[in-house]
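J.: here is my input; please provide its structure:
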Amino acid sequence: MTLPTKLYETLRWILYIVAPAALTLVASLNTILNLNLNMELITLLVGAFTTFIGAVTGVAKVSYDKELKAESK
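T.: Got it, this is the predicted structure:
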C-alpha cells in the first residue's frame, strides 16, 4: 500500500506537528480557563488518532521503500 506523496506528507504533518500542538493547546486552555474538559478522554482520542495515522504512514513508508529497492535492482 503506497500513498500519494502529498497525502503522505499531510498525514506526517498532522502526526508530528498538528496533533501534539492541538493537544497541548487544549490542555493548556483547559487549565488556564478552568473549562473542566475531560482531558483523559481527549488524550485518549488524540492518542488513538495519532496511532492510526502513524500505522498508516508507517505501512506506506515500508511499501514505498520496498518498491524503491525493487526498482533499483
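J.: residues near the spatially closest residue to A19 that is not a sequence neighbour, how many?
T.: Sequence neighbours aside, T50 is the residue nearest to A19 in space, at 4.8 Å (criterion: CB to CB, 6 or more residues apart in numbering). The C-beta positions use only the backbone N, C-alpha and C, and glycine is treated the same way. T50 is surrounded by 17 other residues when neighbours are defined as other CB atoms under 10 Å.
J.: so where does T50 fall, helix or strand?
T.: The secondary structure element spanning T50 is helix 39-72 (assigned by DSSP states H and E).
J.: what packs against that helix?
T.: Judged by 3 or more CB pairs under 8 Å, 6 or more residues apart in numbering; DSSP states H and E, the packing partners of helix 39-72 are helix 5-13, helix 19-32.
J.: just how off-centre is the first one within its chain?
T.: Put plainly, it is helix 5-13. Centroid displacement of helix 5-13 relative to its chain, using CA atoms, centre = their mean, to the nearest Å, is 10 Å.
J.: where are the low-confidence patches of the protein?
T.: Counting by pLDDT under 70, the chain has low-confidence residues at 1.
J.: isn't A60 up against T5?
T.: No: in terms of CB atoms under 8 Å, A60 does not count as a neighbour of T5; the distance is 10.0 Å.
J.: what's the local residue count around the closest residue to K61 other than its chain neighbours?
T.: Of all residues not flanking K61 in the chain, Y8 sits nearest, at 7.7 Å (CB to CB, 6+ apart). Other residues near Y8 come to 16 when the count uses other CB under 10 Å.
J.: now Y8: how far from L15?
T.: Separation of Y8 from L15 (CB to CB, to the nearest Å) stands at 11 Å.
J.: who touches both of those two?
T.: Here Y8 and L15 share the contacting residues T57, scored by CB atoms under 8 Å, 6 or more residues apart in numbering.
J.: re earlier: A60 and T5 - which one has more neighbours?
T.: Applying other CB under 10 Å to A60 and T5 shows that A60 carries more neighbours, namely 18 against 9.
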